[in-house]
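Participant: My questions concern the predicted model and sequence given below.
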Amino acid sequence: MASPPDTSKTIKLERYNSYIRRVNSTKLLNASSKLLFRATLLVALVLVFFFTLNYPPLSESNSHHIHTHHNFLSSAFYGAGGAVGGPAWEKQVRHSSTPRRPNGMSILVTGAAGFVGSHCSLALKKRGDGVLGLDNFNNYYDPSLKRARQSLLLKHEIFIVEGDLNDTPLLSKLFDVVPFTHILHLAAQAGVRYAMQNPQSYIASNIAGFVNLLEIAKAANPQPSIVWASSSSVYGLNTENPFSESHRTDKPASLYAATKKAGEEIAHTYNHIYGLSLTGLRFFTVYGPWGRPDMAYFFFTKDILQGKTIDIYQTQDEKEVARDFTYIDDIVKGCLGALDTAEKSTGSGGKKRGPAQLRVYNLGNTSPLPVRNLVSILEGLLNTKAKKHVIKMPRNGDVPYTHANVSLAYKDFRYKPTTDLSTGLRKFVKWYVSYYGIQSRVKKENHINNEHPEISA
Ligand SMILES: O=C(O)[C@H]1O[C@H](OP(=O)(O)OP(=O)(O)OC[C@H]2O[C@@H](n3ccc(=O)[nH]c3=O)[C@H](O)[C@@H]2O)[C@H](O)[C@@H](O)[C@@H]1O
């Protein structure tokens, strides 16, 4: 009998082959899963990279969005002149804040790319003080105007660090690098009526941001003296005239006013507990070259030139609405006067060592004028009739009237406003047509020359 074919070898061989196939397929599986894992990792990294680059998101172009959540990472990206904390950055920070006159101040100006901030920074630098700016360049109004102010400051060797008041590591870093003698705190969410649209932005800047700055200041060695911007709006529904610092300020008409009033109370607390020297300045409707486009005199000018109708507010009982419009150069003098008379803080290592100075001053013009007058002056300067729409003041936090008594500021630092509304507006219009490159009858009729727009035209 033929013996069955010996298959044992064949079987063994097949088993071996199938084993090899299994091993290979497992290897293949392993290799492909590794590949998949690496690819996923790569995609994730790319996504993280793009997300970081786009922070804050590009979609936040809405003009009313306020960036208040910059973290340390984002400010590192924002730092011009190298990453925050790098040697090049520190050099720039030190250079900018070093005074060039004997006993000069070393001042941190918050809101340095803003209207009042840019003017004060230049004036301080001009007289030999060291000035470092801080600004978050938010888009409450056209940030390109803030960038233009920044360029102007840079020409005068003033560096603005890009960052937010709520960025604690950034603020600590600044105080690690520079022993500031003073802070001129002008960064804020401004605007009376916008508070109804974006209330939280007022809390974030004017309250949380201010407290953050004070926390850093109280812990600093030496503690700086602080001069900061309060507002005429704290007088709210006060009916006594003219407004004096001794009047009641417990009836704010807008959330904006309430946050400024809160700032004054918070200042009291930090003065009381930590011995910080604090001076609050109540500004009265400040206007002038390089001003804020959200303010009436600014957008009236724009709208009149474009032939658009402007709303002129009246009180509910059809009376004129009036403001104590104050020219920027007068305000700058007031800020410098307050800085020059600010006493040293008394605390150290976060502890009070004795009583410290606590002050509040009105900085106004002392001669209120109706908004209607503002408009007729502009009509004259622009040589254009405004399309006026007189309406009752919407109930949006506005107050009917402001009028400053400035005798306290005069007594303590000789503050004396010298620019009337016509003179000031002429200077504003001259800057406006030059800055926006408007060639029109405005220029011809008023002999407004088109020279390079310097800070105070
Ligand atoms: O003095 C202050 O503390 C405040 O001054 C201004 O607030 P405001 O005086 O209301 O300035 P504008 O918004 O420029 O308004 C000026 C005047 O024009 C009036 N107005 C405003 C807008 C408008 O469309 N029509 C109009 O008649 C207002 O009622 C007001 O009487 C600033 O915007 C605030 O940031 C600042 O704190």
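Facilitator: Good, I have the coordinates. Numbers count the residues shown, from 1 in each chain.
Participant: How about the residues of the chain by the ligand?
Facilitator: Contact residues (CB under 6 Å from any ligand atom) of the chain with the ligand: 190-192, 231-233, 283-285, 295-296, 311-313, 321, 323, 371, 393, 398. Just so you know, the C-beta spots here come from the backbone N, C-alpha and C atoms, and that holds for glycine as well.
Participant: Which of these are buried, as a ChimeraX select command?
Facilitator: Selection of buried members from these for ChimeraX, criterion 16 or more other CB atoms under 10 Å:
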select :190,191,192,231,232,233,283,284,285,295,296,312,313,321,323,371,393
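Participant: So which of the residues of the chain next to the ligand are in strands?
Facilitator: Ser231, Phe283, Asp311, Ile312, Tyr313, Arg323 (DSSP state E).
Participant: Any chance of these in a markdown table with distance to Lys352 as columns?
Facilitator: Formatted as a markdown table, these follow (distance: CB to CB, whole Å):
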| residue | distance to Lys352 |
| --- | --- |
| Ser231 | 28 |
| Phe283 | 29 |
| Asp311 | 50 |
| Ile312 | 50 |
| Tyr313 | 46 |
| Arg323 | 39 |
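Participant: now the helix or strand hosting Arg147, how far from the chain's geometric center?
Facilitator: Assigned by DSSP states H and E, Arg147 belongs to helix 143-155. Its chain's C-alpha centre and that of helix 143-155 lie 13 Å apart, by CA atoms, centre = their mean, to the nearest Å.
Participant: That helix packs against which elements?
Facilitator: Packed against helix 143-155 by the contact rule (3 or more CB pairs under 8 Å, 6 or more residues apart in numbering; DSSP states H and E) you find helix 115-126, strand 130-135, strand 159-162.
Participant: ok, and which of those has the densest surroundings?
Facilitator: strand 130-135 (a mean of 27; mean count of other CB atoms under 10 Å).
Participant: just the angle between that strand and helix 115-126, please?
Facilitator: Taking axes from the mean of the first three to the mean of the last three CA atoms, to 10 degrees, strand 130-135 and helix 115-126 form an angle of 160 degrees between their directions.
Participant: Not counting strand 130-135 itself, show me its contacts.
Facilitator: With contacts defined as CB atoms under 8 Å, 6 or more residues apart in numbering, strand 130-135 is touched by 93, 96-100, 104-114, 117, 121, 124-125, 146, 150, 153, 158-163, 165, 174, 178, 180, 187.
Participant: the inter-axis angle of it versus helix 143-155?
Facilitator: 160 degrees.
Participant: Listing partners with orientation, what would you give for strand 130-135?
Facilitator: Looking at strand 130-135 with DSSP bridges, its partner strands are strand 106-110 (parallel), strand 159-162 (parallel).
Participant: So, low pLDDT: which residues of the chain?
Facilitator: Scanning the chain for pLDDT under 70 picks out 1-82, 440-457.
Participant: all strands for it, in order.
Facilitator: Using DSSP E, the strands of the chain run over 106-110, 130-135, 159-162, 182-185, 225-231, 278-283, 286-287, 309-314, 322-323, 326-327, 358-363, 369-370, 387-392.
Participant: Save those strands as JSON lines, and put in distance to Tyr432 too.
Facilitator: Supplementary listing: the strands of the chain in JSON lines, determined by distance: least, CB to CB, whole Å:
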{"stretch": "strand 106-110", "distance to Tyr432": "24"}
{"stretch": "strand 130-135", "distance to Tyr432": "22"}
{"stretch": "strand 159-162", "distance to Tyr432": "23"}
{"stretch": "strand 182-185", "distance to Tyr432": "26"}
{"stretch": "strand 225-231", "distance to Tyr432": "23"}
{"stretch": "strand 278-283", "distance to Tyr432": "21"}
{"stretch": "strand 286-287", "distance to Tyr432": "11"}
{"stretch": "strand 309-314", "distance to Tyr432": "15"}
{"stretch": "strand 322-323", "distance to Tyr432": "19"}
{"stretch": "strand 326-327", "distance to Tyr432": "15"}
{"stretch": "strand 358-363", "distance to Tyr432": "23"}
{"stretch": "strand 369-370", "distance to Tyr432": "20"}
{"stretch": "strand 387-392", "distance to Tyr432": "19"}
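Participant: Specify the stretch among these that is closest to Ser244.
Facilitator: Comparison of the strands of the chain against Ser244 by CB to CB identifies strand 358-363 as nearest, at 7.4 Å.
Participant: Thr309: what's it in contact with?
Facilitator: Asp303, Lys387, Lys388, His389.
Participant: Skipping its backbone neighbours, what lies nearest the third one in space?
Facilitator: Spatial nearest neighbour of Lys388, excluding adjacent residues (CB to CB, 6 or more residues apart in numbering): Ile312 at 5.5 Å.
Participant: okay, now Leu425: neighbour count?
Facilitator: When neighbours are counted by other CB atoms under 10 Å, Leu425 registers 24.
Participant: That one reaches Leu378, doesn't it?
Facilitator: Yes - with contact defined as CB atoms under 8 Å, Leu425 counts as touching Leu378 (6.4 Å).
Participant: where do the contact lists of those two overlap?
Facilitator: With contacts defined as CB under 8 Å, 6+ apart, the residues adjacent to both Leu425 and Leu378 are Tyr297.
Participant: For Leu378, give its distance to the ligand.
Facilitator: Distance, Leu378 to the ligand, by CB to the nearest ligand atom, to the nearest Å: 12 Å.
Participant: could you show me where the helices are in the stretch 151-300 of the chain, in order?
Facilitator: Listed in chain order, the helices of the stretch 151-300 of the chain (DSSP state H, counting those that start in this stretch) span 168-177, 199-202, 210-219, 255-274, 296-305.
Participant: For burial, what's the neighbour tally of His403?
Facilitator: Using other CB under 10 Å, His403 has 20 other residues around it.
Participant: now Gln314
Facilitator: Neighbourhood size, Gln314 [other CB under 10 Å]: 17.
Participant: who touches it in this structure?
Facilitator: By CB under 8 Å, 6+ apart, the contact set of Gln314 is Glu320, Val321, Val390, Ile391, Lys392, Met393.
Participant: Looking at those residues, which one is closest to the ligand?
Facilitator: Val321 (4.3 Å; CB to the nearest ligand atom).
Participant: hang on, that closest one packs against Met393?
Facilitator: Yes - using CB under 8 Å, Val321 is in contact with Met393, at 6.2 Å.
Participant: Now for the two: what residues contact both?
Facilitator: Joint contacts of Val321 and Met393 (CB under 8 Å, 6+ apart) are Tyr313, Gln314, Thr315, Pro400.
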